[in-house]
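# I'll drop the sequence and a predicted model, then ask my questions.
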Amino acid sequence: MDDNLQRVDVKQLLDSPRNPDLDPFLVIFNRWRKQTDHPSDWVDLADYAHMPGGPGILIAGKRDTFSINLNPPGPGLLTSVRGGLEGTLADRFREAFRRAREFNAAVAAEPEFPPEFQCIDHAWEVFVNDRLRFPNTDQADRQVRPALAAALGMAPEVLTRHADPGGRLGYSARLDLMLQ
């Protein structure tokens with residue numbers, strides 16, 4: 001395990017209707033994809049809305065991927081950071097959350113953003129999407145939890161680590177509180 005973390009997924013959960021219509025996100029992300037000067041350097045748009053409880057609609061870039069995601073525990077706005085992280089682990093988590101908040105605010109400000117979708121300010125999921133360097137083990141927890149807590153300005157005890165009895169997933173935690 002090392003601290004060269006580059007793959008962090010941050011998902012803010014949404015209050016939304018059952019079986020939501022995701023077509024407005026196709027319109028929004030198609031417009032975003034045409035932005036040639038965006039730092040994420042958009043390269044693709046994918047529609048998985050036909051898969052119940054699946055990845056939804058996503059826009060992929062060379063640096064980040066952003067999506068309306070329907071995977072458990074429920075609908076949310078998912079930012080997948082894939083590069084450009086520097087500094088300590090806490091610095092890297094701070095940057096991942098900064099990007100997530102920036103994307104979430106940008107999509108919510110779009111005229112096509114469905115009014116029936118509401119961000120839940122206090123419900124977030126964090127996944128360290130690198131199971132080789134940061135497996136969901138007690139050892140990784142001792143390294144990641146304090147850094148994640150420091151990045152968010154909270155006590156490590158308020159984070160809930162996801163169980164992974166099979167050891168197949170990277171580190172993940174849930175935050176059920178208001179983030180500053």
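Here it is on my side, so go on.
# rest of the way, CA atoms for contacts and neighbours
Fine.
# okay, now the unreliable bits of this structure?
1-3, 165-168, 176-180 (pLDDT under 70).
# what helix or strand does the residue nearest the centre of it sit in?
Nearest residue to the geometric centre of the chain (Cα atoms, centre = their mean): Val10, 2.2 Å. Element membership of Val10 [criterion: DSSP states H and E] is strand 8-15.
# buried residues in the following helix or strand past that strand, which are they?
Next in sequence after strand 8-15, counting helices and strands by DSSP H and E, comes helix 23-33. Of all the residues in helix 23-33, those buried under the rule 16 or more other Cα atoms under 10 Å are Phe25, Leu26, Ile28, Phe29, Asn30, Arg33.
# ok, then the element right after helix 23-33?
For helix 23-33, the following helix or strand on the C-terminal side (DSSP H and E) is strand 42-48.
# which elements pack onto that following strand?
Judged by 3 or more Cα pairs under 8 Å, 6 or more residues apart in numbering; DSSP states H and E, the packing partners of strand 42-48 are helix 23-33, strand 56-61.
# angle of it against helix 23-33?
Between strand 42-48 and helix 23-33, the angle comes out at 170 degrees (axes from the mean of the first three to the mean of the last three Cα atoms, to 10 degrees).
# picking that back up, okay, the helices and strands packed on strand 42-48 in CSV with distance to Val43 next?
Below are those laid out as CSV (distance: least, Cα to Cα, whole Å):
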stretch, distance to Val43
helix 23-33, 7
strand 56-61, 5
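# longest strand in this structure, please.
For the chain, the strand with the greatest residue count under DSSP state E is strand 118-128.
# burial of Val8, as a residue count?
Per other Cα atoms under 10 Å, the neighbour tally for Val8 reads 25.
# for Arg101, that is, sorry about that
16.
# quick check: it is in a helix.
Yes - if the criterion is DSSP: H, G, I helix; E, B strand; the rest coil, then Arg101 is within a helix.
# could you measure from it over to Val81?
12 Å (Cα to Cα, to the nearest Å).
# and if you look at Arg7?
To Val81, Arg7 is 5 Å away according to Cα to Cα.
# the more surrounded of these two?
Neighbour totals were compared for Arg7 and Val81, and Val81 leads with 28 against 20 (other Cα under 10 Å).
# what's the closest non-adjacent residue to Glu95?
In space, and not counting its chain neighbours, Glu95 is closest to Leu85: 7.0 Å by Cα to Cα, 6 or more residues apart in numbering.
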